[in-house]
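In: Any chance you could fold what I've pasted below:
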Amino acid sequence: MTPLEAHKQTMDDIAAVIPDICGDGPLFRAPWQARIFALIVGCVHAGHVPWATFQARLAREITEMEKAAPSGAAQSVENEYFECWLQAAEATLQAEGVIAEGDIAAQIADLRVAIAAIRTAQSTPAGFSTSRPRAARSE
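Out: Predicted coordinates for the structure are as follows:
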């Protein structure tokens, strides 16, 4: 198989698992969804993750999510679709040795600390008074 044929096959495989989101609606409803999609596609193209391995994990995650969803809850399944991508990505990247177990949890903890520091710094900007301004006197 030529590299071009391999690329086309990978893209066809990916297209087979993309959900049909209400016709003309956006495929990605949040930036993180596009990022996890791009991460996996990039890992597949770079040879770090076999597409079939990720696809099998994704199928298991979707099946489990569908079983947990109440019957007839298509909207719920659609909303959780990229959560399945995220879970399958983490499991696949760990199984393939791309990331170590615990790396993601450590990065999340670091982000929480950084976000808390940013929120604290932004809560009362320098030189900003939190007291109400006095009404101007009319003479």
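
In: now the helices for this protein?
Out: Applying DSSP state H to the chain gives helices spanning 3-17, 31-45, 51-68, 74-95, 103-123.

In: for those helices, which one ends up most surrounded?
Out: A comparison of the helices of the chain by mean neighbour count, using mean count of other C-beta atoms under 10 Å, puts helix 74-95 on top with a mean of 17. In short, each C-beta sits where N, CA and C put it, glycine included.

In: ok, back up a step: would you list the helices of the chain in JSON lines and tack on mean pLDDT?
Out: Shown next, in JSON lines, are the helices of the chain (pLDDT from 0 to 100):
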{"stretch": "helix 3-17", "mean pLDDT": "67"}
{"stretch": "helix 31-45", "mean pLDDT": "88"}
{"stretch": "helix 51-68", "mean pLDDT": "89"}
{"stretch": "helix 74-95", "mean pLDDT": "83"}
{"stretch": "helix 103-123", "mean pLDDT": "87"}
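
In: Quickly note the distance from Trp85 to Ile62.
Out: Per C-beta to C-beta, to the nearest Å, Trp85 is found 9 Å from Ile62.

In: Now do the contacts for Leu111.
Out: If a contact means C-beta atoms under 8 Å, 6 or more residues apart in numbering, then Leu111 has no contacts.

In: How about the contacts made by Ala30?
Out: Phe82 are the contacts of Ala30 under C-beta under 8 Å, 6+ apart.

In: So what does it look like in phi/psi?
Out: Main-chain dihedrals, Ala30, degrees, to the nearest 10: phi -150, psi 150.

In: Kindly report the same for Thr2.
Out: Torsion angles, degrees, to the nearest 10, at Thr2: phi -80, psi 160.
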